[in-house]
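# coordinates only, sequence not included:
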Ligand code: HEM
C-alpha cells in the first residue's frame, strides 16, 4: 500500500517542506521517503531521541554526505572519544564569555563599516551586502583567517553545501563538492603548516595544538576536515538574520516594538531561528536495527531528524507557523542538541543580534523592497536567495 511519504519529491521538499512536515507529523511521524533514500523523523520527541542517542543513531557512517565532502574524522562525523577530543580543543573559543570578551566589539565594528557603505545608497540586498559579509568575516576572525577574501569563503561554502545536499546523487554536484574541498586543501595547507610551527591564539591554531602532547600537533589531514565543516557553515548566520528580519517585516507591530526596544532583539533572533531553521535536517544512521515511535528501522537505515519540523510541532509550540517574539521562553533545536549541538551555539545569536542592532539604529526607515521579494528554497539547508530592502 502506498503512503503519502512515497509521493513526496525532492522538488516539493525544496520548494516548501513545512506543509509536508505538518502532514507527516500527523500521519507518519517516522516515514520512509524513497525520493531521498532516508527515514524522516518529524515530531519533537523523536527528533530529540535521534540526536541524543549515538548508540542507536550515529553521525559516523560511510554514506554521510558531510563526511564524503568535508573528509573523514571531521568533528560532526566523529563520535565518542574522538569527537570529545576534537570538540574540547575549540569549545572555549565559542563560549559566551569568549564571544563577549573578544569578539562582540569586532562584530560591531564590522557591522558599522558595512552600514556606512550601505548608507551611501537607499536600497540594498542585505544578505549579500551586509549580513553575509559580517557573518563570514566574524567567523574568519575567530579562526584567525581574516586576511582571506570573504567572497572566496562564500564560494567555498556554496561549493561544499552543494555536495552535502546532493541526495539525488548528481555527479556534477558531487564534483563541485570535491573540487571545493581540494581547493580548500591547496589554499589553507600553507597556513596550517605555518601555525603548526608558530602557534597563536586563534581557533585554527587550537585545532592543531590544543590537547596534544608537546611536539605532537594534529597533522594537516586531521585538521582540514573540521575546517571544511566550519567553512560550510560560515554563511549561515546571515540566513538566520534574514529570517529574523523577514519575521519582523511581516508583523509591523513586532517590528515597531523591536525598533523602540532593541533589548527585544535576543528573543526575536531565537524566534527567527525557531520559525525557520537554517539547518533543517540532521543526518544519522542506525548501526543496528532499532525501533522508533513503534516503527522498526533496519540496520544501516539513514535517518533525517527534521529539526525544522520539531520546531513547528504543535504539541510544543502554540500557533507554530507564526513568528511571535513574545512566545513563552522555550528551547528550539535549530542549533542542534546534545553532543553535536552547534559549536557556535552562543556565537551565532550574538553575531545576528549585533548586526541587526546596528542596522536598526542606522536605518530607521528600513522596509522590505516589495518589488523584489526573497525566494526561499531547500530543506536540508533552507534560506532566502536575497533580502532586498529600502530605507
Ligand atoms: C545560523 C547559523 C548556524 C546554524 C543554524 C547551525 C546549526 C547547527 C546544527 C543544527 C548543528 C548540529 C548538527 C548535527 O547534530 O547533525 C551544528 C553543528 C555544528 N556547527 Fe553549526 N550552525 C550555524 C553556524 C555555525 C557556525 C558559524 C559555525 C562555525 C564555527 C558552526 C560550526 C558547527 C560545527 C563545527 C558543528 C559540529 C559540532 C559537533 O559535531 O560537535 N555552525 N550547527
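Here it is on my side, so go on. Here the structure is a predicted model, which means the values were calculated and not measured.
# where in the protein is pLDDT low?
1 (pLDDT under 70).
# hey, where'd the strands end up in the stretch 151-300 of the chain?
For the stretch 151-300 of the chain, the strands defined by DSSP state E, counting those that start in this stretch cover 281-285, 290-292, 295-297.
# Would you mind listing the buried residues in the second one?
The reference is to strand 290-292. By neighbour count on 16 or more other Cβ atoms under 10 Å, the buried set for strand 290-292 is 290, 292. (Glycine included, C-beta is placed from N, CA and C.)
# just the helices in the stretch 201-350 of the chain please.
203-209, 220-232, 236-249, 252-260, 265-275, 307-310, 347-362 (DSSP state H, counting those that start in this stretch).
# most tightly surrounded among these?
helix 307-310 (a mean of 28; mean count of other Cβ atoms under 10 Å).
# That one: how far from the chain's middle?
Mean C-alpha position of helix 307-310 versus that of the full chain (Cα atoms, centre = their mean, to the nearest Å) differs by 13 Å.
# Stretch 253-271 too?
That offset, for stretch 253-271, works out to 22 Å (Cα atoms, centre = their mean).
# Roughly how far does residue 45 sit from residue 268?
Per Cβ to Cβ, to the nearest Å, residue 45 is found 27 Å from residue 268.
# Include distance to residue 165 when you put the helices of the stretch 201-350 of the chain into TSV, please.
Converted to TSV, these look like this (distance: least, Cβ to Cβ, whole Å):
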stretch	distance to residue 165
helix 203-209	25
helix 220-232	10
helix 236-249	13
helix 252-260	32
helix 265-275	20
helix 307-310	14
helix 347-362	20
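# nearest to residue 334, of those?
In terms of Cβ to Cβ, the element of the helices of the stretch 201-350 of the chain nearest to residue 334 is helix 265-275, at 4.1 Å.
# Can you name the residue of the stretch 51-200 of the chain nearest the ligand?
residue 76 (3.8 Å; Cβ to the nearest ligand atom).
# pretty sure that residue contacts residue 59?
Yes - the pair residue 76 / residue 59 is scored as a contact, 5.6 Å apart, by Cβ atoms under 8 Å.
# ok, those two, which is more surrounded?
More neighbours surround residue 76 than the other of residue 76 and residue 59, with 25 against 22 (other Cβ atoms under 10 Å).
# Provide a list of residues in contact with residue 337.
48, 51-52 (Cβ atoms under 8 Å, 6 or more residues apart in numbering).
# what number of residues lie near residue 188?
When neighbours are counted by other Cβ under 10 Å, residue 188 comes out with 21.
# mind listing what the residue nearest to it when sequence neighbours are not counted touches?
Closest residue to residue 188 in three dimensions, ignoring its sequence neighbours and counting by Cβ to Cβ, 6 or more residues apart in numbering: residue 227, at 6.5 Å. Applying Cβ under 8 Å, 6+ apart, one finds that residue 227 lies in contact with 143, 184, 188, 192, 204, 207.
# Ok, residue 143 next?
Contacts of residue 143 by Cβ under 8 Å, 6+ apart are 202-204, 227, 230.
# got the residues of the chain near the ligand?
51, 59, 75-76, 87, 139, 229-230, 233-234, 236-237, 239-240, 278-279, 282, 307, 334-336, 340, 342-344, 348 (Cβ under 6 Å from any ligand atom).
# mind running it again at 5 Å?
75-76, 87, 139, 230, 233, 236-237, 240, 278-279, 282, 335-336, 340, 342-344, 348 (Cβ under 5 Å from any ligand atom).
# Quick check: the nearest residue to residue 265 once chain neighbours are set aside vs the ligand, distance?
Distance criterion Cβ to Cβ, 6+ apart; nearest residue to residue 265, sequence neighbours excluded, is residue 353 at 4.9 Å. As judged by Cβ to the nearest ligand atom, to the nearest Å, residue 353 and the ligand stand 12 Å apart.
# thinking residue 353 is in contact with residue 267, fair?
No - counting by Cβ under 8 Å, residue 353 sits too far from residue 267 to count as a contact (10.0 Å).
# How about residue 167: what's its closest non-neighbour residue?
Nearest to residue 167 is residue 36, by Cβ to Cβ, 6+ apart, at 4.3 Å.
# List the contacts of that neighbour.
So residue 36 contacts 10, 13, 167-168, 304 (Cβ under 8 Å, 6+ apart).
# I'd like the residues you listed written out as TSV, with neighbour count added.
Listed next are the contacts of residue 36 as TSV, based on neighbours: other Cβ atoms under 10 Å:
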residue	neighbour count
10	14
13	23
167	21
168	10
304	23
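# Please narrow those residues to those residing in helices.
The members of the contacts of residue 36 that map onto helices under DSSP state H are 10, 13.
# right, and the pair among the contacts of residue 36 with maximum separation?
Longest span within the contacts of residue 36, Cβ to Cβ: 168 and 304, 14.4 Å.
# ok, back up a step: is it possible to export the contacts of residue 337 to a markdown table including secondary structure and neighbour count?
Converted to a markdown table, those look like this (DSSP: H, G, I helix; E, B strand; the rest coil; neighbours: other Cβ atoms under 10 Å):
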| residue | secondary structure | neighbour count |
| --- | --- | --- |
| 48 | helix | 17 |
| 51 | helix | 24 |
| 52 | helix | 15 |
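# Which strand or helix spans residue 24?
helix 17-27 (DSSP states H and E).
# which helices and strands sit right next to that helix?
helix 307-310 (3 or more Cβ pairs under 8 Å, 6 or more residues apart in numbering; DSSP states H and E).
# If we use 10 Å, what do you get?
helix 10-15, strand 30-33, strand 38-41, strand 302-306, helix 307-310 (3 or more Cβ pairs under 10 Å, 6 or more residues apart in numbering; DSSP states H and E).
# Which secondary structure element is home to residue 379?
Judged by DSSP H and E, residue 379 forms part of no helix or strand.
# now it: how far from the ligand?
Taken as Cβ to the nearest ligand atom, the span from residue 379 to the ligand is 14 Å.
# And the helices and strands packed on helix 17-27: which comes nearest residue 293?
Comparing the helices and strands packed on helix 17-27 by Cβ to Cβ, strand 30-33 comes nearest, at 5.0 Å.
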